[in-house]
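> Okay, here's the prediction I keep looking at, along with the sequence it came from:
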Amino acid sequence: MPQNLICRLLAEINVRNLEGFKCKLENLGVYTRILIDMILVQTYHYFRTFGARVDLLKRRRLNLKMKPTTRRMIAVLGIGTFLVCALLFLTYHYIVGPQGLSTSMPALSAVTLGENKACVECHQKESPGIIQQYHDSKHSGRGVQCLDCHKPAKGQETLTKEHYKVALIAKPTPNNCVQCHETEVAQFGDSNHSAKSWYAVEGTKNFTPEELAKYHLLDANGKPLNSGNANPVFNLIGKDASAQSCEVCHAIGQKNSDSSFGDCTKCHLRHTFDVAQARKPETCAQCHLGPDHPQAEIYNESAHGAYYQANSSKYNMEAPSGTLTVKDFPAPTCTICHMSAFGSVQGTHDVGQRLKWTLTPEIATIRKDGTAHQQTMNAICLNCHVQTSIDEVMGKADKTIALTNQNVEKGRSIIQDLRNTGLLGTKPLGTPLDFLYFELWHHEGRRARFGAVMGAADYVNWHGIYEQDKALVELQSEADALKTKH
């Protein structure tokens, strides 16, 4: 059977198992897989019947005294040789060869007519990197072509440009992705990665009243959160610096010209859009790092991160979505806890759906439905831990979070007292005391909270609570000195 031939091939190219081989074959696309099946069947039957063909020819020559069908033999051997060579080429290019291999054989997107073919042929010369990336992608293997993503959707008139007489948009938005990924786009829209992320930089600028309500950016009184003001750091450093710092990461939720919010390529880097790459902690660490939200550093310090760093080769990053178990991910990465379908838990693109707390504001608060969210997270944890252990760790984390809130309230009381007595102005970040208080919650408070829930002792104490206590002493000392002076 052809199955036996496949197994022999696997042994020769040192592929781990048949399922891994089939997983790789998905990238070839439907038509290429059919071609390989035909090659395997024809090659198998050719060699299986080769002996019988030789015996038949001998009998014909001896008994019937007929001339050998030389031309037919040459034709059969030629076709068989071509098919075998094609199989070996495809095996090398897609399975055992280097991923960056550049060949004259086009991706499936090039095997087409008209505008899409012109895109590939031109960009192969002008920007071959994106063509090679796309060539290696599942989009290519499944027949998704250039204009499937770059063709303007309804409402994208301001984004549309004519490029070599073809109407297209240079940078697709979620309104393009939604054509195939409706559920994921909807979940993303409800998440803090979407409009809330952009609002945290510039406030209500460019938001309509309807958008503020839709994306939950109004407080209990119907007023914009934080009075609608831009982040004080944005105002402090200015637009030019912000464009290469704050806005780079927060643009994951930026408002686009077609009124959509978000940029899917912040996590799914173009033009491979590889799920394996999006699953890696290194992808999240593009933004979740630094003094105010050091989740990457905290993860690396934790037992989960230490295991990942020591055993990353054991992780099956290419496993199909919806099938992940501890066999694929023996310890959690960022996406396992926050997004991926894992065990009995369904996947989501709303990164807050498994979180009990909102930890980033001055005062951390329990989310709406936070207890239910915690139970969802517990279902992930139960793949490796017992419930009593989970409850103990989370109980300790709740106490640490409460302590950070108490410290912030003490600092806020000191600052507010100085403002009430006229000893401190109202300009944001206008004095050294303002910076002390800002970092008390924005840096130290967050670090201790994240460290508590993610398992990083150093960040709970030395980068967190200790620094908060130190700042409180400094705040009180400076406040007393101001009062004495005046």
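Yes, it's here.
> Could you check how many residues crowd around the closest residue to Cys246 other than its chain neighbours?
Closest residue to Cys246 apart from its sequence neighbours, by Cβ to Cβ, 6 or more residues apart in numbering: Val201 at 5.3 Å. The way it works is simple: take the backbone N, C-alpha and C, and place the C-beta from them, glycine included. By the measure other Cβ atoms under 10 Å, the count of residues near Val201 is 19.
> Using the three-state scheme, assign Val201.
Following DSSP: H, G, I helix; E, B strand; the rest coil, we place Val201 in the helix state.
> Who are the contact partners of it?
Counting by Cβ atoms under 8 Å, 6 or more residues apart in numbering, Val201 touches 230-231, 234, 242, 246-247, 250.
> What of Asn175?
Asn175 neighbours (Cβ under 8 Å, 6+ apart): 153-156, 256, 258, 260.
> Using the three-state scheme, assign it.
Reduced to three states by three-state DSSP, Asn175 is helix.
> ok, back up a step: quick check: the farthest pair among the contacts of Asn175?
The most widely separated members of the contacts of Asn175, counting by Cβ to Cβ, are Lys154 and Asn256 (13.7 Å).
> Pick out whichever of the two has more residues nearby.
Asn256 (18 against 7).
> Mind giving me the packing neighbours of the helix or strand where Tyr307 lies?
According to DSSP states H and E, Tyr307 maps onto helix 303-311. Applying 3 or more Cβ pairs under 8 Å, 6 or more residues apart in numbering; DSSP states H and E, one finds that helix 303-311 makes contact with helix 295-301.
> which other residues reach the helix it packs on?
With Cβ under 8 Å, 6+ apart, helix 295-301 has contacts from 281, 284-285, 288-289, 305-306, 309, 334, 447, 450-451, 454-459.
> and the biggest helix by length in the chain, what other elements does it pack with?
Scanning the chain for the longest helix, with DSSP state H as the assignment, gives helix 387-420. Applying 3+ Cβ pairs under 8 Å, 6+ apart, one finds that helix 387-420 contacts helix 370-381, helix 432-439, helix 446-454, helix 466-485.
> switch to 6 Å and redo it
helix 446-454, helix 466-485 (3 or more Cβ pairs under 6 Å, 6 or more residues apart in numbering; DSSP states H and E).
> How far does whatever helix or strand comes next after the shortest one sit from its chain's centre?
If I follow you right, that is helix 446-454. Remark: after helix 446-454, the chain's next helix or strand is helix 457-460, criterion DSSP H and E. Here helix 457-460 is found 26 Å from its chain centre; the criterion is Cα atoms, centre = their mean, to the nearest Å.
> buried sites along helix 457-460?
Under the neighbour-count criterion of 16 or more other Cβ atoms under 10 Å, helix 457-460 has 459-460 buried.
> Could you list the low-pLDDT ranges of the protein?
Within the chain, the set of residues satisfying pLDDT under 70 comprises 1-69, 71, 88-114.
> Tell me the buried residues in stretch 133-140?
Quick answer for stretch 133-140 (16+ other Cβ under 10 Å): 133-137, 139-140.
> Over to stretch 386-397?
Under 16+ other Cβ under 10 Å, the buried positions of stretch 386-397 are 390, 394, 397.
> Could you export those residues to CSV, including columns for distance to Phe207?
What follows is the buried residues of stretch 386-397, written out as CSV (distance: Cβ to Cβ, whole Å):
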residue, distance to Phe207
Ile390, 39
Met394, 35
Ala397, 34
